[in-house]
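Chemist: Here is the input, now give the coordinates:
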Amino acid sequence: MSNQSQAQLLRENLRTVVRKLGALDRGEASCCGITLSQSYTIIEIGRAGTISVNLLTEILGVDKSTVSKSIDKLVNSGIVVRDTDPEDRRSVLLRLTDKGQAVFEEIEERAMAYFEEVVAALTGDKCEQIIKGLQFLVPALKSPRCC
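Modeler: Have a look, this model is predicted:
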């Protein structure tokens with residue numbers, strides 16, 4: 001199979017995966033009464049425990065104003081707390097409130113249950129093959145050269 005054919009197959013399969021996972025993400029977020037971008041923000045803060053706005057912006061791959069708007073809404077909803085970094089007063093640290101922690105745990109539990117179903121549907125060593133393949137694919141996707 002030519003490189004062009006492989007590229008086309010990869011593109012089409014990834015488009016399908018992205019659409020299906022996007023629908024899953026929207027469903028997870030809507031169940032908790034938050035937007036998709038707020039869900040991503042909560043997940044990253046929850047996994048880090050405490051995270052700077054700058055690092056969160058870098059991880060999410062969006063501009064700082066987008067992250068700031070999402071954080072403002074989460075702070076106003078009582079889900080996130082902003083703290084001044086005691087080591088650098090110019091830096092802002094984010095952490096989840098108890099309410100935010102509960103939302104984070106619900107999102108994570110629902111996602112884990114879904115992916116356990118996905119793993120159960122894969123027979124033989126297909127799951128291991130997919131995971132190994134993704135471990136090669138993810139670093140290759142890091143450079144955004146596409147439209």
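
Chemist: What distance do you get for Asp72 to Arg47?
Modeler: Here the criterion is Cβ to Cβ, to the nearest Å. By it, Asp72 lies 21 Å from Arg47. Placement of C-beta: from N, CA and C, glycine included.

Chemist: Ser91 falls within a helix, correct?
Modeler: No. Assignment of Ser91 by DSSP: H, G, I helix; E, B strand; the rest coil gives strand, placing it outside any helix.

Chemist: what is the nearest residue to it once chain neighbours are set aside paired to in the beta sheet?
Modeler: Nearest residue to Ser91, sequence neighbours excluded (Cβ to Cβ, 6 or more residues apart in numbering): Asp85, at 3.9 Å. Note on Asp85: beta-bridge partners by DSSP bridges are Asp88.

Chemist: Around Asp85, how many other residues sit close by?
Modeler: By other Cβ atoms under 10 Å, 13 other residues sit near Asp85.

Chemist: do Ala102 as well
Modeler: For Ala102, the tally of surrounding residues (other Cβ under 10 Å) stands at 13.
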